[in-house]
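A.B. asks: structure for the following, please:
(chains A and B)
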Amino acid sequence: MEAVLFYIFAIGVVVAGAQVVLRRNPIYGAVSLVACFFFLAGIYVLLSAHLIAILQVMVYAGAVMVLFVFVIMLLNLKEEELGEMHVTTMKGIGLAAVLVLVGFIAWKALTPVQFARDMAVNEQIHGFGGVKAVGNVLYRSSVLPFEVTSLLLLVAVVSAVVIAKGKI
Amino acid sequence: MNSVGLPHFLIVGAALFALGMVTVVTRRNAVGILMGVELILNAANVNFIAFNHYVDAPGRLTGQVFSIFVIVLAAAEAAVGLAIVLAIFQTFRTIDVQETDLLRE
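C.D. replies: Below is the predicted model of the structure:
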């Protein structure tokens, strides 16, 4: 059951991610990116990271992609402004290099490792990956990075307004 | 192959990273490049959570907390990046990254 779900989600992630590369129109790319993020949320649930899965759907598929689609609609690019899809030998070489890289990583990853552990071990720990468990770690041992993150968000908001507005 | 282990998740992460890298390198559209960056950050997240699940000591959640920070960073990056894209479009009337070469002069 778990393996079937994993393969459904994994194939969904890769196919939707490939659409982002292959589609010329950014709107199609954005919509397939949303699909990709939903499948990724499924993968996080399989890894018993429930809070991250919810955050993935809410922050990524919700907020960030709405921002992307909003900007794409605002720019309202015409067909000729998108530029042509050039197929050059350099791109072919690059694609081959990427395929070789992924194949190498897959080959390395599939060699047996001794620290691989059963899924069942972590399932025994109560509430693993839930809001309470993650919040405990977040607010106790990494409270300083958490506060710095709020500063980062403030800087991002101010700089986004300043850059996009031009004159205030 | 019935059981799913750490290697399978790592392969998904590697494939996602490769797709993001291809998007960043081949796209001439600035919004498309930002989408590729999002794919790369998600590949990093998959690796963090997979390693946290399989390798870290039971009950420790460092990888998941780190991936929360990655999500926050990606949101901030998208906001600033899209603001820059809007500013580029106001200046050049295009978002083709080959034609925005003010620094070259």
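
A.B. asks: show me the domain layout of chain A.
C.D. replies: A:2-79+A:87-129, A:130-168 (automatic domain parsing).

A.B. asks: rank these by mean pLDDT and give me the bottom one.
C.D. replies: Ranked by mean pLDDT, these bottom out at domain A:2-79+A:87-129, with a mean of 82.

A.B. asks: so for the helix or strand hosting A:A133, what gets flagged as buried?
C.D. replies: For A:A133, the element it lies in under DSSP states H and E is helix A:131-140. Neighbour counts using 16 or more other CB atoms under 10 Å in any protein chain shown place A:A133, A:V134, A:V137, A:L138 of helix A:131-140 among the buried residues. In short, each C-beta sits where N, CA and C put it, glycine included.

A.B. asks: need the helices for chain A, in chain order.
C.D. replies: Here chain A has its helices, by DSSP state H, at A:2-22, A:26-46, A:50-55, A:65-75, A:89-110, A:119-123, A:131-140, A:143-165.

A.B. asks: name the residue closest to the centre of chain A, please.
C.D. replies: A:F37 (5.6 Å; CA atoms, centre = their mean).

A.B. asks: which residues touch it?
C.D. replies: Counting by CB atoms under 8 Å, 6 or more residues apart in numbering or on different chains, A:F37 touches A:Q56, A:V57, A:Y60, A:A61, A:M65, B:N42.

A.B. asks: over to A:I105?
C.D. replies: B:L10, B:I11, B:A14.

A.B. asks: tell me the buried residues within the residues you listed.
C.D. replies: For these, buried by 16+ other CB under 10 Å: B:L10, B:I11, B:A14.

A.B. asks: and the gap between the first one and chain A?
C.D. replies: Right, the one you point to is B:L10. 4 Å (CB to the nearest CB, to the nearest Å).

A.B. asks: what about A:V15, how many residues nearby?
C.D. replies: 13 (other CB atoms under 10 Å in any protein chain shown).
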